[in-house]
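Enquirer: Sequence first, then the predicted structure:
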Amino acid sequence: MIEPSYRNLRHEQPGPGIHLLTLDRPRALNALDGTTLGELACAVRGLSGDAGARALLVTGGGTKAFVAGADISEMQSLSPEEARSFSAGAARLFLEIEALPMPVIALVNGYALGGGCELALACDWIIAADNAVFGQPEVNLGIPPGFGGTQRLPRRIAPGKALELLLTGRQVNADEAVAIGLANEKVAPDALLARGIEMAKLIASRGPYAVRLVKQAWQRGQSLDLAAACAIESDLFGLAFSSADQKEGMRAFIEKRPPVFCGR
Ligand code: COA
């Protein structure tokens, strides 16, 4: 269950099985403070056990920012031990987001800096509004990224380009984000949510069990050599043949009718 009364997070369901989480603290450009991270963690845990969830969209409240980073005013007086634990807690949360069984799409509307860029990177893919600005500006604050940026950025885009952005703190606009493969596409700001919902509905119309297996195969294979990763794919391919969705999908093809999937 997702808690309905968050302070800095909004949860909506714009369609059957489609969830939208809005980081909603626009006065601080949706910066991630402890409360916001806690609420996000609670929502993510709720969604991870929701068998009916088909896709998750994540975006920022207001018109200026997706998330402008971890909350600097909260961070500035942390001790080394507190900073380590702050980073480790967020790292666990972002791994949980990545491990959600349903596809997760970041809808980046404005600044996605520091922890905001790292949150977008923990999502399966990114749709950028024209006004999106991505970057890891932590080196300007005298710190390295702490929510996975040094690890996920070089895994998402070319490693040399990732290092350039991490070491310089240079920010990139939506066009460059698409050109370097950080964002999948860019759309007008007022079309962002509709595009996200359109993609979520497309995913939701596919075999839900198969969609989850694709995500699982992709994720589990990332850190393995090709042979071991293909062995995982074969295991999951076999598993699919124990599902009602496989029987329905193939029967529907033979009978020349649209499939009616049940997600099992
Ligand atoms: N943490 C805490 N507060 C933040 C924040 C952050 N990461 N980013 C923005 N804010 C706050 C500002 O302090 C300001 O609050 P105030 O109105 O009480 O002064 C408010 O959000 C609006 O930000 P402001 O800087 O006035 O907007 P801008 O349009 O001039 O600049 C940014 C926007 C994103 C370029 C600028 O806010 C910025 O550089 N933010 C920090 C980005 C960053 O370094 N992130 C990595 C953190 S590890």
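Expert: Thanks, I have the structure now. Residues are numbered from 1 along each chain as shown.
Enquirer: Could you check the pLDDT of Met1?
Expert: If you check Met1, the pLDDT there is 53.
Enquirer: which residues in the stretch 1-150 of the chain form strands?
Expert: 9-15, 18-23, 55-60, 65-67, 104-108, 111-113, 125-129, 133-135 (DSSP state E, counting those that start in this stretch).
Enquirer: which other helices and strands contact the first one?
Expert: Pointing back at strand 9-15 there. Judged by 3 or more CB pairs under 8 Å, 6 or more residues apart in numbering; DSSP states H and E, strand 9-15 is in contact with strand 18-23, helix 34-48, helix 192-205. The way it works is simple: take the backbone N, C-alpha and C, and place the C-beta from them, glycine included.
Enquirer: The third one now?
Expert: In terms of contact count using 3+ CB pairs under 8 Å, 6+ apart, strand 55-60 is assigned the packing partners strand 18-23, strand 65-67, strand 104-108, helix 115-122, helix 192-205.
Enquirer: ok, residues contacting the first one?
Expert: When contacts are taken as CB atoms under 8 Å, 6 or more residues apart in numbering, the neighbours of strand 18-23 outside the stretch itself are 2, 8-14, 30, 32, 36, 40, 43, 47, 50, 53-61, 66-67, 119, 193, 196-197, 200-201, 204.
Enquirer: and if you look at the shortest one?
Expert: For strand 65-67, contacts defined as CB under 8 Å, 6+ apart pick out 23, 26, 29-32, 59-60, 106-113, 115-116, 119-120, 132.
Enquirer: With the longest one instead?
Expert: Outside helix 192-205, the residues within contact range by CB under 8 Å, 6+ apart are 14-18, 20, 54-57, 59, 102-103, 105, 107, 109, 127, 129, 185, 187, 211.
Enquirer: what residues does the stretch 51-200 of the chain put near the ligand?
Expert: Proximity of the stretch 51-200 of the chain to the ligand is confined to 68-73, 111, 113-115, 137-138, 141 under the rule CB under 6 Å from any ligand atom.
Enquirer: can you rerun that using 8 Å?
Expert: 64-65, 68-75, 111, 113-116, 133, 136-138, 140-141, 143, 145-146 (CB under 8 Å from any ligand atom).
Enquirer: Let's check: the centremost residue of this structure is which one?
Expert: Centroid check for the chain by CA atoms, centre = their mean gives Cys123 as the closest residue, at 1.6 Å.
Enquirer: if we can go back for a sec, are any of the residues of the stretch 51-200 of the chain next to the ligand buried, and if so which?
Expert: Neighbour-count burial (16 or more other CB atoms under 10 Å) applied to these gives 65, 68-71, 74-75, 111, 113-116, 133, 136-138, 145-146.
Enquirer: dump the residue contacts of the residue nearest to Gly52 when sequence neighbours are not counted.
Expert: In this structure, Gly52 finds its nearest non-sequential neighbour in Gly17, 5.4 Å apart by CB to CB, 6 or more residues apart in numbering. Taking CB under 8 Å, 6+ apart as the contact definition, Gly17 lies against Gly52, Ala53, Arg54, Ala55, Ala204, Pro208.
Enquirer: Please apply the same query to Ala177.
Expert: Here Ala177 is in contact with Ile126, Ala128, Ala132, Phe134, Ala183, Lys186 (CB under 8 Å, 6+ apart).
Enquirer: hmm, try it at 10 Å
Expert: 108, 112, 117, 120, 126, 128, 132-135, 157, 171, 183-186 (CB atoms under 10 Å, 6 or more residues apart in numbering).
Enquirer: What's the PyMOL syntax to select whichever of these are buried?
Expert: Command for PyMOL that selects the buried part of those, burial taken from 16+ other CB under 10 Å:
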select buried, resi 108+112+117+120+126+128+132+133+134+135+157+171+183+186
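Enquirer: quick check, nearest of the contacts of Ala177 to Leu239?
Expert: Within the contacts of Ala177, the smallest distance to Leu239 is 28.0 Å, found for Asn184 (CB to CB).
Enquirer: Next one: the residue nearest to the closest one when sequence neighbours are not counted, what pLDDT does it get?
Expert: Spatial nearest neighbour of Asn184, excluding adjacent residues (CB to CB, 6+ apart): Trp125 at 4.9 Å. For Trp125, the pLDDT comes out at 97.
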